[in-house]
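> show me how the following folds:
(one chain, ligands or ions: 1)
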Amino acid sequence: MNPELWHTEKYTQNCGFTFKVKEVLHTEYSKLQRLDILETYDFGRVMLLDGLIMFTERDEFVYHEMITHLPLFAHSSPKSVLIIGGGDGGSAREVLKHSYLEKIVQVEIDEVVVKNSKKYTPFVGSSFDDPRLNLIIGDGIEFVKNKENEFDVVIIDSTDPFGPAEGLFNKEFYANVYKILKDDGIVVAQAENAYYDPKWMMRSVNNMRKSFGKNVTIYQAAIPTYPSGMWAFSIGWKGKHPKESFDQKRFEKMDLNLKYYNPEIHKAAFVLPNFVEEILKQNS
Ligand code: AG3
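Next up, the predicted model:
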C-alpha cells in the first residue's frame with residue numbers, strides 16, 4: 001500500500017487548508033527556519049517555510065504580479081527598486097520585466113531559500129541568474145538604516161510577522177524605508193489578511209502611517225492558497241495616490257502578457273469591502 005501524505009496549514013486552532021502531497025522533494029533547516037519543497041497534485045511545486053505556504057506554482061503569479069507591477073506603474077518614472085525578502089525570486093522575476101530600471105537591489109536574509117528556489121522552483125528562482133539583479137544576502141532591517149534618497153520603489157516580500165520577519169512590520173523599520181525612498185517614492189509590503197489576522201494587517205498599516213501619515217492604505221488580491229484567499233498589501237506613498245497615478249502609456253508600451261494584473265485591477269484592488277474599510281477606520 002502507498003499511504004497518502006497530506007499537508008495542513010493551520011489558520012486558527014480550529015481550521016486550516018489541506019492538500020495531498022505527491023512527494024516531499026527536499027527538507028532543510030537553515031539557521032532561521034525550516035524549508036520544505038513539495039510536489040503536489042493540485043498546486044504544482046510548493047515551498048513551505050516553517051510549515052506555512054510561501055507560494056505554489058499554480059497561483060504564485062497573483063502575489064508576485066500584484067506586489068511589483070502595481071507600485072511600479074503607480075510611480076511616474078521609477079529608476080531604482082529595492083526588494084526586501086523575496087528569497088524565492090518571484091518578485092525579482094516580475095521587477096526584471098521593467099527593463100528601463102537602472103538599479104535593482106534585493107536583500108534577503110536566508111541564503112538557503114535562494115539556493116533551493118534556484119534548484120527546485122526555477123519558475124521563480126531562475127531570476128537570480130539575471131546580472132541586472134544585485135542580490136545581497138543580509139538583514140533588510142540593517143540595510144535600510146542610515147541611508148537616504150536611494151530608491152523609487154521598495155517592495156517588502158516577507159514571511160508572516162513573527163520569527164525572522166517580525167522587525168519588518170515595525171515603525172522603526174518603516175521610518176528607515178521612508179528615508180531611503182526618494183521624493184515620490186512608494187513602499188509596498190505584504191500585509192496578511194483581514195479575515196484571520198486583522199491585527200497583523202493593521203500593525204503594518206498603522207506603523208507605516210507613523211512615517212507616511214495619511215498616505216497609507218491597503219489593496220487586495222485573490223490568492224487561493226493563502227489564509228482566507230483574500231490577501232492584503234499595505235502601501236505608503238510620498239507623491240500621488242497610487243490608485244490614481246497608473247501610467248497607462250508605459251503599461252501599453254511594455255506589452256507584458258500578465259496573468260492577473262491589468263489597468264482595471266490596478267484601480268479595483270484599492271476598492272475595499274465594507275468590513276475591511278471598517279477595520280481600517282476603527283483601528284487607526
Ligand atoms: N510571502 C509570504 C506571504 C505570507 C504567507 N503566509 C502564510 N501562508 N501563512 C510570500 C513569499 C513569496 N515570494
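
> quick one: distance of stretch 55-63 to the chain centre.
Computed by Cα atoms, centre = their mean, to the nearest Å, the chain-centroid distance of stretch 55-63 equals 11 Å.

> what does it contact?
Residues outside stretch 55-63 that contact it (Cβ atoms under 8 Å, 6 or more residues apart in numbering): 40, 42-47, 64, 88, 90, 121, 123-124, 190, 221-226, 231, 258-260. The way it works is simple: take the backbone N, C-alpha and C, and place the C-beta from them, glycine included.

> near the ligand, from the residues you listed?
88, 90, 190, 226 (Cβ under 6 Å from any ligand atom).

> so which of the residues you listed is the closest to residue 109?
Nearest to residue 109 out of these is residue 88 (Cβ to Cβ; 13.0 Å).

> what score does the spatially most central residue of the chain have for pLDDT?
Residue closest to the average C-alpha location in the chain (Cα atoms, centre = their mean): residue 157, at 3.3 Å. Residue 157 carries a pLDDT value of 98.

> do residue 282 as well
86.

> and for it, the neighbour number?
Here the number of neighbours of residue 282 (other Cβ atoms under 10 Å) works out to 9.

> could you do residue 16 as well?
Neighbours around residue 16, by other Cβ under 10 Å: 12.

> which residues in the stretch 1-150 of the chain form helices?
Along the stretch 1-150 of the chain, counting by DSSP state H, counting those that start in this stretch, helices occupy 60-74, 90-95, 111-120, 122-125, 140-143.

> most packed of those helices?
Stretch with highest mean neighbour count among the helices of the stretch 1-150 of the chain: helix 90-95 (a mean of 26; mean count of other Cβ atoms under 10 Å).

> helices or strands up against it?
helix 60-74, strand 80-85, strand 103-108, strand 151-157 (3 or more Cβ pairs under 8 Å, 6 or more residues apart in numbering; DSSP states H and E).

> not counting the third one itself, show me its contacts.
Strand 103-108 is touched from outside by 79-87, 92, 95-96, 114, 132-140, 143, 151, with contacts defined as Cβ under 8 Å, 6+ apart.

> now list the buried members of those residues.
If you count burial by 16 or more other Cβ atoms under 10 Å, the buried members of the contacts of strand 103-108 come out as 80-87, 92, 95-96, 114, 133, 135, 139-140, 143, 151.

> what subset of those is also close to the ligand?
residue 86.

> just the buried ones from the contacts of stretch 55-63, in ChimeraX syntax?
To isolate the buried members of these in ChimeraX, using 16+ other Cβ under 10 Å:
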select :40,43,44,45,46,47,64,88,90,121,123,124,190,221,223,225,226,231,258,260
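
> which ones among the contacts of stretch 55-63 map onto strands?
Taking DSSP state E, the ones among these that sit in strands are 40, 45, 46, 47, 190, 221, 222, 231.

> nearest to the ligand among those residues?
residue 190 (5.0 Å; Cβ to the nearest ligand atom).

> let me know the pLDDT of the closest residue to residue 114 other than its chain neighbours.
Counting by Cβ to Cβ, 6 or more residues apart in numbering, the nearest residue to residue 114 once its immediate chain neighbours are dropped is residue 87, at 5.1 Å. Listed pLDDT for residue 87 reads 98.
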